[in-house]
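S.K.: Got a predicted structure here, sequence first:
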Amino acid sequence: MINSDIKNTNDSELIMLYHEEDEIAKDILYMKYKFIIDLLIRKYNNILKNLNVDYQEIYSECSVGFSDGLASYKEDREASLPTFITVCIERRIKGIIRKYSQAKYKAIADNYSLYFKFADGSELIDVLSDNFQNDPLKNITDNENYQELVLKIKKLLTKNEWDVFILMAKNFNYQEIAKILNKKPKQIDNAMQRVKIKIRRILKEIEQENEAVDN
């Protein structure tokens, strides 16, 4: 039987054992982070229901994403293991949404397709979320120099703040992020405020640079 106190297990050692095909390590990692699957399914629940996607298919795809995350994660990655797992699972869910929307919905509400492209090349389907909130942070995706902006943000943020930023950009709230990163909600709330302050600082600098060029 696996020790119930799995939250204190060292991820680095577990991943190393996982790559050595240790079944116990695999089970511990699954028990420790399987809640991410449920969290993401709830996040996209309305969209998946509207597309009549079978729950078993969703869960199966999420499990594949979970396994992909464990198999491809390396210690030198800049994101933490739970953040990386979250990204891999969400990628599989978006794949399901694409598949079903292509089959059933070629256009939505006449002019608004799921594949409408924004200025940065991202698609509407990539930013759909039940948890959308009006936040200035969302506006960064409209910046013409989006990739350059992301690099500037990445350089300015700490590793923990970068993990928080990735999950913020995916429309998770501070309580959900706290659960994923195994932190206290207050810690995440504080980190989110620091991230927003730093991003606004960068945007202000870019604005000043543009004004200097125009003058």
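M.R.: Looks like it arrived, so ask away.
S.K.: show me the contacts for Glu21.
M.R.: Taking C-beta atoms under 8 Å, 6 or more residues apart in numbering, we find Glu21 in contact with no residue. The way it works is simple: take the backbone N, C-alpha and C, and place the C-beta from them, glycine included.
S.K.: any idea how far it is from Lys184?
M.R.: In this structure, Glu21 and Lys184 are 35 Å apart, going by C-beta to C-beta, to the nearest Å.
S.K.: which secondary element of the chain has the worst mean pLDDT?
M.R.: Here the helix or strand of the chain ranked lowest by mean pLDDT, DSSP states H and E is helix 124-127, holding a mean of 42.
S.K.: Next secondary structure element downstream of that helix?
M.R.: Next helix or strand after helix 124-127 toward the C-terminus (DSSP states H and E): helix 146-156.
S.K.: buried ones in that following helix?
M.R.: Tyr146, Leu149, Val150, Lys152, Ile153 (16 or more other C-beta atoms under 10 Å).
S.K.: So which one of those is the model least confident about?
M.R.: Within the buried residues of helix 146-156, Tyr146 has the lowest pLDDT, namely 63.
S.K.: The residue nearest to Tyr30 when sequence neighbours are not counted in helix, strand or coil?
M.R.: Residue nearest to Tyr30 in three dimensions, not counting chain neighbours: Phe66, with 7.2 Å by C-beta to C-beta, 6 or more residues apart in numbering. Of the three states, Phe66 takes helix under DSSP: H, G, I helix; E, B strand; the rest coil.
S.K.: what about Phe66, how many neighbours?
M.R.: 21 (other C-beta atoms under 10 Å).
S.K.: show me what contacts it?
M.R.: Phe66 sits next to Tyr30, Tyr33, Lys34, Ile36, Ile37, Ile85, Cys88, Ile89 when contact means C-beta under 8 Å, 6+ apart.
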